Structure formats: C-alpha cells, structure tokens
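Visitor: okay, sequence plus prediction incoming.
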Amino acid sequence: MPMHTLAELERRRLEFGDEAAEARRQGLRRLARARLQGAAAVRRLHELLCFIRAYPDDAEVQVLAGRMLERFAQRADLRVHAPALANSGIAGTAIHFRFFAAQAQWLAAHWPAQLSLDRHDREAEERIARALQVLLTHAENTALREMPRPGYATLDRLCGRGETDAAFLLRRIAAMPGDGFTREAFSDAVDASYTLSPAPGTPSRSGACWPTAPVAFRRAAPPRARPDLRAELQCPPRRARRLSVADGQAVIDLARAAMVTRERSLEAFAYADPRDAWLVDDGDGLAYAFAGMIPERRHAVFSYYGALTLRNGVPIGYTQADVLGRSAALSFNTFESFRGAEAAHTFARFLAALRALFGCTSFTLEPYQLGDDNDEAIDSGAWWFYAKLGFVPRDAATAALAQRERERLRRRAAHRTSAATLRRLAQRHLFFDLDRPIPLVTPAMVGDGVSELLSARGSADREHAVAELAAGLWPMQGAGGSRRLAPSVYEAWCRLAPVLHLVGAPRWHGSQRQDLPALARAKAGRSERAFVAAWLAHPRLDAALRQRLARRG
C-alpha cells in the first residue's frame, strides 16, 4: 500500500485543483506513518516531498511536506538505508566529496566536528604528507623529514583533543602566508577527499528553504509551454530589491549548501558578497536570489553573479551570469528533483531578471553548457533545449550542421540527434540577441590579450609591468599618483589598467580618459551593479574591447 500511494502521488505531481490537493494531503499523511522498503523508495519519497514543498496546493500541503522533510532524518527506513543513500544530500546521510578549497573552509568553519578526511583515499594521503612539511613549524618539519610517517598517522599525532583531521589541515592551510589565491591553489593541489557526517543543522536538501521568500499556492500546473523569449524580455519581473546583509548571507549559505549536497561547486557562490545580494520577485512564488562576488575575487571587467532559482523559497536550480556591458554569458541548471516541470519558463524569466538588474540584451551560452566535455548536457539534449528557444550559432559550419539536423527531423519525426552530432554542435557558442548582435568577448579572451601585453612589457616581472601601466594611465598628477588610492580601489585599477592599455586608452583625450577612474571605484564598491552601469556609460570602451578581442574568438 505505501508503494502504491507513493507511485500515485508521483504520477499526479503536476495535477492541481481541489481533488488533487485532497489526494496529496491524504497520501502524505499515509506516507508519514509508513515504512518503505529499499533505499530507492526512500529517495523517491524525499524527492517527491521536495517537489511538493516547492509547488504546494495550499498552506496545509506545504506544512505537511515541510514537516515530513524536517523530520526525514528520524524516519526508521532512512536510518536503515542511510549508508546506501550517501551523497544523496538527504538529511541523516553522509556526503563524501573532494570539496574545493572555499567549500571545505566554509564547512570547517561551521561544522568542524562533522568534517573529516576520507581515509579510503590513499593517493590523497601521500599529498597530505608532503603538504604538512609546509604547514608546520621549522622544528616539526625536521622531524617529518627524519622520521617520516604516513599522512593520516601524522595528522592523528598533530590534532588537538576533539579536533578532526580535516579541521586541523584546513586551519593550517588558512594560516599560510600569502593571499586567498595562493592558499586556494595549495588546498586544491592537496586535493583531499572529505566526509561530511550528518548532524542537526548540517547541509542537506531536506531542509533547504528560505522562509522569507515569496510564496504562492498553485491551482494549476506550472507553465510548461515553450516561451517566446522576446516577449518574456519585454515583461519585467514584479520587483527587484537589495537584500540586507543578514538576508544576503542567509541566501548565500543556502546556495553553498545546495552545491555541497549535490557534489557541485560554483565560484560565484563560494566567494559571494552578502553586501551585493538581490532578490528578484517574478510573482507566482518564483524568485531569483542573486549575489555578486567579494571585491578581491572580482574580474577586471566582467561582473560575475550567481543566483538560486527559488520556488516558494525552495531552491529548484542555480544560474550564473558573467556580465559585460549589455551582454551576459549564462550558466543554467535545474536540479534533478524539479526537471520536467517548467525549466524553459524559469530560464526565460531568468533572462528577464538579468535585463531588469543589468540592462542585458545579448545572451551567450558557452560550449560546456551545451555539452562540450559535459555528458550531463549531452544526455539532457541541452543544445536543442536552447536552440528551440531561439538561440543560434554564429559559426557557419555549426549553423549548417544544425540545419541538416532540422531537415532530418522534418522528414522523420522519430529522428533523434546522435550524441556524436550533439558534441559537434556543442563546440561553438550559441547566441540570443534582443537587439543588434554584440561581438563575443570572454574572460579567457581578455586574459589572453592581457598576457600578450604583459609579456611584451615585463616578461616574468608582471607586478612591475602592471604597476607601470596603472601609474601611467591614472589621469591625476602628483607624487604617488594612483598609489594614493584606497587599497581596494588601487587593486581594481591595477586589474583594469592592462585591459585599458590593450584597447588603446592611453591615446584617448578629454572626458573619455578622465572618466576611467570611476570604473575602478565602482569595481571596488559595494555592488558591481554600479560597475555595470559605469561601463555602459562609457560606450567607446566597450566597443574598443570587443573590436580588439573579437578576432581571438
């Protein structure tokens, strides 16, 4: 009977109305008391509850699903099958993952007692043993060289009472000299495997909900028809507002937990700035929680924003936009539990949110998002998902291949594009332009141009070359020049200066050159929305950069 109830609720998950709501209420009450057989059934129930919490018929259904999720770790069937459900992100189960540096440090800061090294990883043990020689005092290093022991055994001797091996290792890495970039590189080179053990409050998908997000109950299924992107971009969201620092931090923590519990990482979340967090309320319980990056992690000219897609406060996916002027390079993902409901609609509204926040009118998808070295995108048919929404390749060979595939589909409705063909299609960007096409510029293209410039000027002494470029371009004269700036503004100016030289800014005159320092001040400020606005206010700069780098694509 419980399995029949579960299957029936799954079958009717996209049905709404009085009858469907009553069936859901009764089914949830039965499943709350039931004991399911097998790990697969327990996982199915959990995924169903997550979906219902995101798409509730009414307050009673929402409370029922939420209460069952909050108590999921206490279920007898979950406790029996917890080992088989490791890495599921379900409350009460462990997560084994090679967390990236920022993720590991975040977990160690919040749940140090639950984070340990996965000692099944013997290759990592060798790397840890070598790393400890850099992380300890001089006297200890002498002992390590003359009395070598395996890495895990050494950590057992070093850890304090009640301190896990992972917490000790990560605290030593955090105490290293240098900056965050060097410590991150060192941590990722160690590449340790971790285990996050379950405990009340540790990240899980069961408790993932932002309680202050907009809520709307459903009387009909979510929109599943293919949207008209041009029409959607003309329809702005209901409201966009800056979040308080406390709310910004709460939504960033929710985003980081969403990545941890799905064995993923997104740099925009790992280094998010709670001072630069925004909520875009699109109505009907749909919202996007955006966060920019802390100043020291910001790109010279691009503005990186990560966002959680929220349905009634439940994260149903995540996105990232790399904004430059009126263009945005996109990453978009709908979490597995919520696929098949409204992915095309939430993607279209994400574009509308980007236009409302930043004024974007041109959108690009990089090859990885389409399936280049990304089997998940190939399996899901990501290329056709975006192509059917109106995204097109600019590369002639790719456009011709896509046209041949469309002709095959017209001749034979049952035709399916092969994985090999999808990989060929995915080798080039896709574009959607609301107005005129904007030439493609990517962070890699900017970096390649800057590298060429600095190699010509300073070879190995990059710091001296950058300092010269920054000082020579600053329009204010006098002793110290640009070095009299606040440290954060000077750092932003040093990152920006090589790009400005790349586009010929030293030859500019009048206000076009005098206005450039405003870009550095905006880049170092509280929100990068100000930088996007400052960049748009300097159209010659955007045009010059695209003209200079377009040939590199």
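Guide: On my side now, so go ahead.
Visitor: how about the residue in this protein that sits furthest from its center?
Guide: In the chain, E146 marks the outermost C-alpha relative to the chain mean, sitting 44.4 Å out by C-alpha atoms, centre = their mean.
Visitor: tell me how far that residue lies from D156.
Guide: Shown here: E146 relative to D156, a distance of 19 Å by C-beta to C-beta, to the nearest Å. Heads up, the C-betas are built off the backbone N, CA and C, glycines and all.
Visitor: mind listing what's buried in the helix or strand bottoming out on mean pLDDT in the chain?
Guide: Of all helical and strand segments in the chain, the minimum by mean pLDDT, DSSP states H and E falls on helix 511-514, at a mean of 82. By neighbour count on 16 or more other C-beta atoms under 10 Å, the buried set for helix 511-514 is R513.
Visitor: ok now that helix, how far from the chain's centre?
Guide: 36 Å (C-alpha atoms, centre = their mean, to the nearest Å).
Visitor: cool, and stretch 135-145?
Guide: 38 Å.
Visitor: got the contact list for it?
Guide: A129, L132, Q133, T154, L158, L169, R172, I173, A175, M176 (C-beta atoms under 8 Å, 6 or more residues apart in numbering).
Visitor: can you give me the mean pLDDT across it?
Guide: For stretch 135-145, mean pLDDT rounds to 88.
Visitor: for stretch 206-222, same thing?
Guide: Stretch 206-222 comes out at a mean pLDDT of 93.
Visitor: what are the buried residues along it?
Guide: Here stretch 206-222 shows S206, G207, A208, C209, W210, A213, P214, F217, R218, P222 as buried, counting by 16+ other C-beta under 10 Å.
Visitor: so can I have CSV of those residues showing distance to S331 and secondary structure?
Guide: Formatted as CSV, the buried residues of stretch 206-222 follow (distance: C-beta to C-beta, whole Å; DSSP: H, G, I helix; E, B strand; the rest coil):
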residue, distance to S331, secondary structure
S206, 25, coil
G207, 25, coil
A208, 20, coil
C209, 23, coil
W210, 21, coil
A213, 22, coil
P214, 24, coil
F217, 30, coil
R218, 28, coil
P222, 22, coil
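Visitor: among those, which pair sits farthest apart?
Guide: G207 and P222 (22.9 Å; C-beta to C-beta).
Visitor: for the closest residue to A76 other than its chain neighbours, which three-state class applies?
Guide: In this structure, A76 finds its nearest non-sequential neighbour in R35, 5.6 Å apart by C-beta to C-beta, 6 or more residues apart in numbering. Secondary structure, DSSP: H, G, I helix; E, B strand; the rest coil: R35 is coil.
Visitor: same check on V280?
Guide: V280 carries the three-state label strand when classified by three-state DSSP.
Visitor: contacting residues for it?
Guide: P237, R239, A240, A287, Y288, A289, F290, A353, A356, L357.
Visitor: the fifth one is in contact with F350, isn't it?
Guide: So that's Y288. Yes - with contacts counted by C-beta atoms under 8 Å, Y288 reaches F350, the gap being 6.3 Å.
Visitor: who has more neighbours, those two?
Guide: Between Y288 and F350, counted using other C-beta atoms under 10 Å, the more crowded position is Y288 (27 against 24).
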